[in-house]
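Asks: build me a model:
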Amino acid sequence: MLGILFAPQPVHAAAIAERDLPGLTPAQARLRLLATAESFLGVPYRWAGIDRRGMDCSGFIYASFRYSLGYTIPRTSLGMYYWAQRIPTAQLQPGDLVFFVTVGTRVSHVGIYIGDGRFIHSASDGPRTGVIVSRLDESFWQRTYRSAGRVLPWDAQTARDMAAARSAGGFGSGGTVPGSFFEPPRAPRWGDPGFFVGLGASWNWGGGGEGTLTPFRSMSFLGTAGYTWSSYRLALELRPQWDSFLNVFRLPLTLSLGTDQFQVFAGPAFVFGEPRFDLEDGLRHYHGGWLWEVGFSAAFAPIRIGRGGISLFGELAWQSYQPQQQFEFRPDIAANLRVSTGIRYLWRL
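Replies: Numbering: from 1, shown residues only. A predicted model of the protein is given here:
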């Protein structure tokens, strides 16, 4: 470690040209850097650390360059930011650097881009810490992202060499391709940001004659399509329902916003048939046609299965049936209030 700390002064990114990579092509240099970075996966986070006992974010980058290519680079993330050549995010290639502003107003975090929207870095906070792989489109990193930087040469020949290495699974004497970096992009899993669809069914509880509670009111089905971020999701939901007490078929179309475990939803519903309650003193009628449904849903954390997640959920919803007679508390509350329990499967496209 002392040898690294007291090594010669840093070179600058502009000086790391092909002529400064003796015996290596730019593609081989990038592959060595990525392979070394991958070898540190799982090393714990330690402030000011630059070895396998622990690394901070810039210490991880510092050690990756030093051990793979013999270069001593700036020691801090801000120093690396000013040292690197700024490039548009759309031009990111494996082996480039990505910078973030996680604290204050200046660059405070750095990682190595590895392709397919992913980067490897040493994280100090969050559900996982230490040297890990994350995605640029995760909500936190998307929000704190500052810019991309290039410190190793990239040209058309390097692009061809990297593509050949990816397809061949190796790069000859210049080093090996770290498989986890250069595998074809994996199928998305639930929890990855992106579009999703889903199906579900629920058992609806409700009110019987005179507004008394009964164990069954109807069955509902759920078809949903939407977009999920790392923490939140927005979906359009079709909820066909047969209401056995009001003797109608309902077709709500709601917009849902929330997380995997908590959502609020609202939208219009069309009622087929004439809503009516069978009471001891006769039928109680409600207006049909269009009405509104609003509600709240809570679910257990999804069990992730491949590209999807399955979960048990419960809903409390208000259906806004308007009585044709004077309002009566028990039957009218029972007609409008829906309590459901069910199961759903959401599948990431």
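
Asks: which stretches in the stretch 51-200 of the chain count as strands?
Replies: Remark: strands assigned in the stretch 51-200 of the chain by DSSP state E, counting those that start in this stretch are 54-55, 85-87, 97-100, 109-115, 118-123, 130-135, 145-150, 194-207.

Asks: where does residue 284 land in three-state SS?
Replies: Under DSSP: H, G, I helix; E, B strand; the rest coil, residue 284 falls in the strand class.

Asks: how many neighbouring residues does the closest residue to it other than its chain neighbours have?
Replies: In space, and not counting its chain neighbours, residue 284 is closest to residue 277: 4.2 Å by C-beta to C-beta, 6 or more residues apart in numbering. Every residue, glycine included, has its C-beta placed from N, CA and C. Close neighbours of residue 277, defined as other C-beta atoms under 10 Å, add up to 24.

Asks: quick one, phi/psi of residue 277?
Replies: phi -110, psi 140 (degrees, to the nearest 10).

Asks: quick revisit: lowest average pLDDT across the strands of the stretch 51-200 of the chain?
Replies: Among these, strand 194-207 has the lowest mean pLDDT, at a mean of 86.

Asks: other SSEs contacting it?
Replies: Identification of packing neighbours for strand 194-207 by 3 or more C-beta pairs under 8 Å, 6 or more residues apart in numbering; DSSP states H and E yields strand 213-228, strand 233-238, strand 241-243, strand 308-318, helix 329-336, strand 337-348.

Asks: let me see the mean pLDDT of the first one.
Replies: So the one you mean is strand 213-228. 83.

Asks: where's residue 114 relative to residue 133, distance?
Replies: According to C-beta to C-beta, to the nearest Å, residue 114 stands 7 Å off from residue 133.

Asks: poorly predicted segments of the protein, please.
Replies: Along the chain, the model assigns pLDDT under 70 to residues 1-19, 167-189, 191, 206-215, 230, 280-281.

Asks: tell me the spacing between residue 345 and residue 116.
Replies: 26 Å.

Asks: and residue 150, what are its bridge partners?
Replies: For residue 150, the beta-bridge partners under DSSP bridges are residue 85.

Asks: that one: neighbouring residues, count only.
Replies: Neighbours of residue 150 (other C-beta under 10 Å): 19.

Asks: contacting residues for it?
Replies: Residue 150 is in contact with 13, 84, 85, 86, 87, 91, 93, 96, 97, counting by C-beta atoms under 8 Å, 6 or more residues apart in numbering.

Asks: surely the fifth one touches residue 96?
Replies: To tie it back to what came earlier, the one meant is residue 87. Yes - if you go by C-beta atoms under 8 Å, residue 87 and residue 96 touch, sitting 6.9 Å apart.

Asks: neighbour count: those two, which is higher?
Replies: A count of neighbours by other C-beta under 10 Å puts residue 96 above the other of residue 87 and residue 96, at 24 against 16.

Asks: residues contacting that one?
Replies: 87, 112, 113, 148, 149, 150, 151, 152, 154.

Asks: compare residue 345 and residue 116 (neighbour count), which wins?
Replies: Ranked by neighbour count (other C-beta under 10 Å), residue 345 and residue 116 place residue 345 first, with 17 against 14.

Asks: excluding chain neighbours, what is closest to that one?
Replies: Leaving out its chain neighbours, the residue that sits closest to residue 345 by C-beta to C-beta, 6+ apart is residue 310, at 4.7 Å.

Asks: what does residue 121 give?
Replies: Leaving aside its sequence neighbours, residue 121 sits nearest to residue 111 (C-beta to C-beta, 6+ apart; 3.2 Å).

Asks: ok, residue 303 next?
Replies: Sequence neighbours aside, residue 310 is the residue nearest to residue 303 in space, at 5.2 Å (criterion: C-beta to C-beta, 6+ apart).

Asks: quick revisit: quick check: the residue nearest to residue 284 touching residue 243?
Replies: No - here residue 277 lies out of contact with residue 243, judged by C-beta under 8 Å, at a distance of 10.4 Å.
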